[in-house]
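1. Predicted model follows, preceded by the sequence.
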Amino acid sequence: MTIGAILSVYHRDDPAHLFQALWSLCRNQSVPLDEIVGVIEGDISPELSEVVQEFNEIRWIRIPKVLSNQGFGLPEALNVALADLTSDIVLKVDTDDINAQNRIQITKETFEKYPEIGLFGGQIEEWDSIFSKSFGIRSVPLKHVDILNFALKRNPFNGPSVAFRRKQALNLGGFPFVAANEDFAFWCTMLHHGLESTNSDCVLVYMRGGEALVKRRSNRRTLLGELQTLRFIYELGFWNRRTYLIHRIAKTIIRNLPLATNRYIYRLLRTAKPTQQPSEYAAAVFAWNTFSHE
């Protein structure tokens, strides 16, 4: 069994965060990946280009900036990477998060032990941008039946931690062209078509989230994209009309609330507890400082 990863880079990525994410994926894992495909969408800055050039173990593909009515190119970029990959198992990688040192190992062991599994993820711990404050763990259910039930209410997977079988994903058309939450739409597609799933109880990714993430998502563009995803899941047949309408009303209300209220709701959905800064982050920062001062 081979295991690979896909990711996308565009002009708004932070060079330091990109370097740290790629370093944690490519050079600090207990088990290495067999291949990695990265897509560069449009023109990027010289600083980002330097980071890209540093990670020559990644097979980079350049595509023009995606032009669409949605103004959102991530699904298309991920599908380009997915089509180029040859590995049996695919890791979805976010370009500003820190991967736990055993992420690949746990993922590979799970797919080898449970050949019926098509979709796998784990827990994530959310931090501020400089990893000085933990906002807690976003907990997701472990068993398939609980995942199906949870998906009626919220995303049952933590996107940055997910892996899936490539052939099954390609057969289902890859990531849907929606303007936000394309991963939720994709997971629901897989679940709707009968793919077995599970989540690890281990933290697989340390995510840059928190209140800055809430602020980035509190805008009309994100709301329209989220509503598009909700409708996609309903038209897929995964939700009934009642569930869809509840989601649509709740999402519209939440995105129109004051930012302070959204931040409060966010904190309620996290199981915050005192914790130490992950060693993977410290190692990635040291590598970045060495690279940026060369």
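-> Nice, I can see it.
2. what residue ranges in the stretch 151-294 of the chain are flagged as low confidence?
-> 210-223, 257, 259-274 (pLDDT under 70).
3. Going along the chain, name the helices of this structure.
-> 15-26, 46-54, 74-84, 103-113, 144-150, 166-171, 182-192, 210-217, 220-236, 241-255, 259-268, 279-292 (DSSP state H).
4. would you turn those helices into a markdown table with distance to M1 and mean neighbour count?
-> For the C-beta atoms, the positions are set from N, CA and C on the backbone; glycine is no exception. Below are the helices of the chain laid out as a markdown table (distance: least, Cβ to Cβ, whole Å; neighbours: other Cβ atoms under 10 Å):
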| stretch | distance to M1 | mean neighbour count |
| --- | --- | --- |
| helix 15-26 | 18 | 23 |
| helix 46-54 | 28 | 16 |
| helix 74-84 | 17 | 20 |
| helix 103-113 | 6 | 18 |
| helix 144-150 | 20 | 15 |
| helix 166-171 | 11 | 15 |
| helix 182-192 | 19 | 22 |
| helix 210-217 | 34 | 15 |
| helix 220-236 | 29 | 18 |
| helix 241-255 | 36 | 14 |
| helix 259-268 | 37 | 13 |
| helix 279-292 | 24 | 16 |
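5. For G159, which of those helices is the nearest?
-> Closest to G159 of the helices of the chain is helix 182-192 (Cβ to Cβ; 4.0 Å).
6. by contact count, what packs against that closest one?
-> In terms of contacts (3 or more Cβ pairs under 8 Å, 6 or more residues apart in numbering; DSSP states H and E), helix 182-192 is packed against helix 74-84, strand 117-127, helix 166-171, strand 196-208, helix 220-236.
7. Can you check what angle separates the last one from helix 241-255?
-> This means helix 220-236. 170 degrees (axes from the mean of the first three to the mean of the last three Cα atoms, to 10 degrees).
8. counting contacts, what elements does helix 220-236 pack onto?
-> So helix 220-236, by 3+ Cβ pairs under 8 Å, 6+ apart, packs with helix 182-192, helix 241-255.
9. Make CSV out of these and add distance to S45.
-> Compiled in CSV, those are given as follows (distance: least, Cβ to Cβ, whole Å):
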stretch, distance to S45
helix 182-192, 25
helix 241-255, 30
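10. Select, out of these, the one closest to V145.
-> Between V145 and those, the shortest separation by Cβ to Cβ is 11.2 Å, and it involves helix 182-192.
11. Figure out how far that closest one is from the centre of its chain.
-> Mean-position distance between helix 182-192 and its chain equals 13 Å (Cα atoms, centre = their mean, to the nearest Å).
12. Show the contacting residues for the residue nearest to T110 when sequence neighbours are not counted.
-> Using Cβ to Cβ, 6 or more residues apart in numbering and skipping residues adjacent in sequence, the residue nearest T110 is F120, 5.4 Å away. With contact set as Cβ atoms under 8 Å, 6 or more residues apart in numbering, F120 has these partners: T107, T110, F111, V162, A163, F164, S197, T198, N199, S200.
13. Which residues does stretch 77-91 contact?
-> Contacts for stretch 77-91 (Cβ under 8 Å, 6+ apart): 1-8, 10, 33-35, 37-39, 41, 59, 61, 63, 66, 92, 103-104, 107-108, 111, 162-167, 169-170, 174-175, 182.
14. any idea of the mean pLDDT for that stretch?
-> For stretch 77-91, mean pLDDT rounds to 97.
15. C-alpha coordinates for it, CSV please?
-> In CSV, the C-alpha atoms belonging to stretch 77-91 read as follows (Å, rounded to 0.1, in the frame of the first residue of the first chain):
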residue,chain,number,x,y,z
ALA,A,77,-6.6,22.8,-7.6
LEU,A,78,-7.1,19.8,-5.3
ASN,A,79,-8.7,17.8,-8.1
VAL,A,80,-5.7,18.5,-10.4
ALA,A,81,-3.4,17.2,-7.7
LEU,A,82,-5.7,14.2,-7.1
ALA,A,83,-5.7,13.3,-10.8
ASP,A,84,-1.9,13.4,-10.9
LEU,A,85,-1.3,11.3,-7.8
THR,A,86,-0.8,7.5,-8.1
SER,A,87,-0.8,6.4,-4.5
ASP,A,88,-3.5,4.1,-3.0
ILE,A,89,-4.2,6.4,0.0
VAL,A,90,-4.4,10.2,-0.2
LEU,A,91,-3.7,12.7,2.6
